[in-house]
Every structure is written in structure tokens, then in C-alpha cells.
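Novice: Sequence below, structure please.
(2 chains)
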Amino acid sequence: EPEVTQTPSHQVTQMGQEVILRCVPISNHLYFYWYRQILGQKVEFLVSFYNNEISEKSEIFDDQFSVERPDGSNFTLKIRSTKLEDSAMYFCASVSGRGSTDTQYFGPGTRLTVL
Amino acid sequence: AQSVTQLGSHVSVSEGALVLLRCNYSSSVPPYLFWYVQYPNQGLQLLLKYTTGATLVKGINGFEAEFKKSETSFHLTKPSAHMSDAAEYFCAVSLIQGAQKLVFGQGTRLTINP
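Specialist: The predicted structure is shown next:
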């Protein structure tokens, strides 16, 4: 069964450093998302991406964040200068976008720890 | 704006007992509703979803949920808990299924006692 994959599973970085989180969505899907979950809190929407541009973003998704689909398979989330409060689990998701019964499929997540 | 409230951050039941996880939502338009499960060190897996039609929805692993518009609820149930059901459960809502973001509740951790 097709699945969303994410790398790395765990990323440790120093405050102020740039990080890139990688996702490979399901191959024929058209919509892509990033969510995050700070430890002990709810899963929060960050950004959605369609047709090579951001379709919606949350207040969390400020100028320090960017997303890119550099090729036909990868979908990346970049944090330019990490802060302690960026420590969280980051989930990528994708959706076919072709039908009325679409489901968002989630990857296993990347745990980001900012020291 | 949409919101989701899950009553009880932790629920503990005995093996074989009824599982009831509560979810209430707030939405200005008819919502689409979802339950996801997260096992330790894994991603979010869809258990079931309500879009339109029958209000009682059956999902994987014997779970089901009923959409009650008058109560703005979408509670998750399973008649008989199994040890393998121990996980974190998330209720979520979206306005338009598929293309729109999901708004999640805070999650309920289900523990199964032998």
C-alpha cells in the first residue's frame, strides 16, 4: 500500500540553525500539507500546497518557514533560523484531490529538537 | 472558525469493556469529521470519517462513530476493547474534505487494562 514517508525520523539542531525536513508524498497525490505537534499539545496545521504554490497557511507559518517541491517526488519544509519553541513533531500529509471522498494520508513524522 | 473538543485527555478501560471517546465540534457550516489513531512512534492513521449520508460510520478495527448534528458530536465507540487498541486518538474536522486543512482536537490517550 502506498504511504507517505518522512526523513529524518529525528533531527537535533542548535538554535539559530537552518533545518530541512523532507517528505515523499504518495506519488499521484496533488495536495500536500505540513502539520506540527508540540509535545503534549494538539496537532496544528501549518501549510497546504497545491500546484506548486501555497494554498493556505496558518499564523504559525511565518517568514522563518518555507515549503518547496523541488522535484516530482519530494516536499520539503525549511525552517531558516530555528527557535527553541520550534521543537515539535512535524507531520507531512498528502491527498489525492481528485474525489469527494479523499483522505489525508500522514507520514510517521520527524521529531525536531532544538537545543 | 472550526474547533474540536475531546473530553478526557486520558481514558482507561478494561480489556473487553466498551470504549467511548468523546468529540464535540464547532463549525459554521456542515463539517466533515474524522477520527485518526496514532500508535507509539507512528504517524496518524485514519480510523473512520463522516462526509454525508448515513450518520453511523464504521471504521477499521471494529470502531464506529455516530454524527449527531443536534449535539454537535462525533463520539467514537468500540463494543469490546482489545489490548492492541492502546493508542492516542484524535478527532478532526474540515470544511471541505480532501483539499482543506484538518483542525484537530487535543487527543485522547486510551489505555487498556488486562
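
Novice: Only C-alpha atoms from now on, for both contacts and neighbour counts.
Specialist: Fine.

Novice: Now do stretch A:66-81: distance from first to last residue.
Specialist: Start-to-end span of stretch A:66-81 (CA to CA, to the nearest Å) is 11 Å.

Novice: Oh, that last question was meant for stretch A:6-25, not what I typed.
Specialist: 9 Å.

Novice: Whether the helix or strand harbouring residue A:11 contacts chain B - can you check?
Specialist: Element membership for residue A:11, per DSSP states H and E: strand A:10-13. No: for strand A:10-13, no contact with chain B is found by CA under 8 Å from any CA of the partner chain; the gap never falls below 10.9 Å.

Novice: and if you look at stretch A:26-38?
Specialist: Yes: among the residues of stretch A:26-38, A:31, A:33 lie within reach of chain B under CA under 8 Å from any CA.

Novice: Tell me how far residue A:16 lies from chain B.
Specialist: 27 Å (CA to the nearest CA, to the nearest Å).

Novice: give the contact list for the residue most central in space within chain B.
Specialist: Chain B has residue B:35 as the residue nearest its centroid, 3.4 Å off, counting by CA atoms, centre = their mean. With contacts defined as CA atoms under 8 Å, 6 or more residues apart in numbering or on different chains, residue B:35 is in contact with B:46, B:47, B:48, B:49, B:76, B:89, B:90, B:91, B:92.

Novice: nearest residue to the fourth one other than its sequence neighbours?
Specialist: Excluding the flanking residues, the one nearest residue B:49 by CA to CA, 6 or more residues apart in numbering or on different chains is residue B:34, at 4.3 Å.

Novice: about what we covered before: list just the nearest of the contacts of residue B:35 to residue B:27.
Specialist: residue B:92 (11.5 Å; CA to CA).

Novice: Check what pLDDT the most centrally placed residue in chain A gets.
Specialist: Ranked by distance to the mean C-alpha position of chain A (CA atoms, centre = their mean), the top residue is residue A:34 at 3.1 Å. As predicted, residue A:34 sits at a pLDDT of 97.

Novice: count of residues packed around residue B:55?
Specialist: By the measure other CA atoms under 10 Å in any protein chain shown, the count of residues near residue B:55 is 14.

Novice: for it, phi and psi?
Specialist: phi -80, psi -20 (degrees, to the nearest 10).

Novice: show me the contacts for it.
Specialist: Residue B:55 makes contact with B:66, B:67, B:68, according to CA under 8 Å, 6+ apart.

Novice: quick one: low-confidence parts of chain A?
Specialist: A:98-101 (pLDDT under 70).

Novice: For the residue of chain B found nearest chain A, give me its contacts.
Specialist: For chain B, the residue closest to chain A is residue B:43, as judged by CA to the nearest CA, at 3.6 Å. Contacts for residue B:43 (CA under 8 Å, 6+ apart) come out as A:91, A:106, A:107, A:108, A:109.

Novice: possible to save the contacts of residue B:35 as CSV with secondary structure?
Specialist: Below are the contacts of residue B:35 laid out as CSV (DSSP: H, G, I helix; E, B strand; the rest coil):
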residue, secondary structure
B:46, strand
B:47, strand
B:48, strand
B:49, strand
B:76, strand
B:89, strand
B:90, strand
B:91, strand
B:92, strand
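
Novice: how many neighbours does the residue nearest to residue B:108 when sequence neighbours are not counted have?
Specialist: Among residues not flanking residue B:108 along the chain, residue B:9 sits closest, at 4.4 Å (CA to CA, 6+ apart). The number of residues packed around residue B:9, counting by other CA under 10 Å, is 14.
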